[in-house]
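>>> pasting the sequence and the predicted coordinates here, then a few questions.
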Amino acid sequence: MLRLIFLCLAFWAPPAAAGLDDMTRAREALERDEVLPLATILGMVQEKIDARVIEVEFEEENGQYIYEFELITPDGRLLEAIADAVTGEILSIGEDVED
């Protein structure tokens, strides 16, 4: 039984750790006043795009903090929007293409 628990934790831990790292980096950047709160940027995105947010990622690309949003439109199209986490500027909006 103990072996089964360790096996389950081994498969479960990496995604949880990856998500925690993402959240931790976002929180720390916010505490250092390097980025805007997600709620602020989420409002900006929803003002421009008629869609529901279904996923958000916080990333650093080329030294720039960004929020990446996956959205679904009322007609079922998947969109991806990228916003600058410092200014809230929406950098791109486009169809979400599966990898």
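Alright, I've got the coordinates. Numbers count the residues shown, from 1 in each chain.
>>> pretty sure A85 sits against Y67.
Yes: A85 is within contact range of Y67, at 5.3 Å (criterion: Cβ atoms under 8 Å). Bear in mind the C-beta positions are built from the backbone N, C-alpha and C, glycine included.
>>> so what sits against both of the two?
41, 58 (Cβ atoms under 8 Å, 6 or more residues apart in numbering).
>>> list the buried residues in the helix or strand containing G43.
Assigned by DSSP states H and E, G43 falls within helix 38-48. For helix 38-48, burial by neighbour count (16 or more other Cβ atoms under 10 Å) applies to 38, 41-42, 44-45.
>>> equivalent analysis for stretch 60-73, please.
Neighbour-count burial for stretch 60-73, counted by 16+ other Cβ under 10 Å, picks out 65-71.
>>> let me know the closest of those to L30.
Nearest to L30 among the buried residues of stretch 60-73 is Y65, at 9.8 Å by Cβ to Cβ.
>>> what's the burial count for L36?
Here the count is done by other Cβ atoms under 10 Å, and L36 has 20 residues near it.
>>> tell me the secondary structure of it, please.
Assigned state for L36: coil (three-state reduction, DSSP: H, G, I helix; E, B strand; the rest coil).
>>> quick one: it from V56, how far?
13 Å (Cβ to Cβ, to the nearest Å).
>>> again, but for V45
Remark: distance between V45 and V56 (Cβ to Cβ) = 9 Å.
>>> mutual contacts of these two, please.
In contact with both V45 and V56: F69, using Cβ under 8 Å, 6+ apart.
>>> state the helix or strand in which the residue positioned nearest the centre of the chain lies.
In the chain, the centroid-proximal residue (Cα atoms, centre = their mean) is E57; its distance is 1.4 Å. Using DSSP H and E, E57 sits within strand 52-61.
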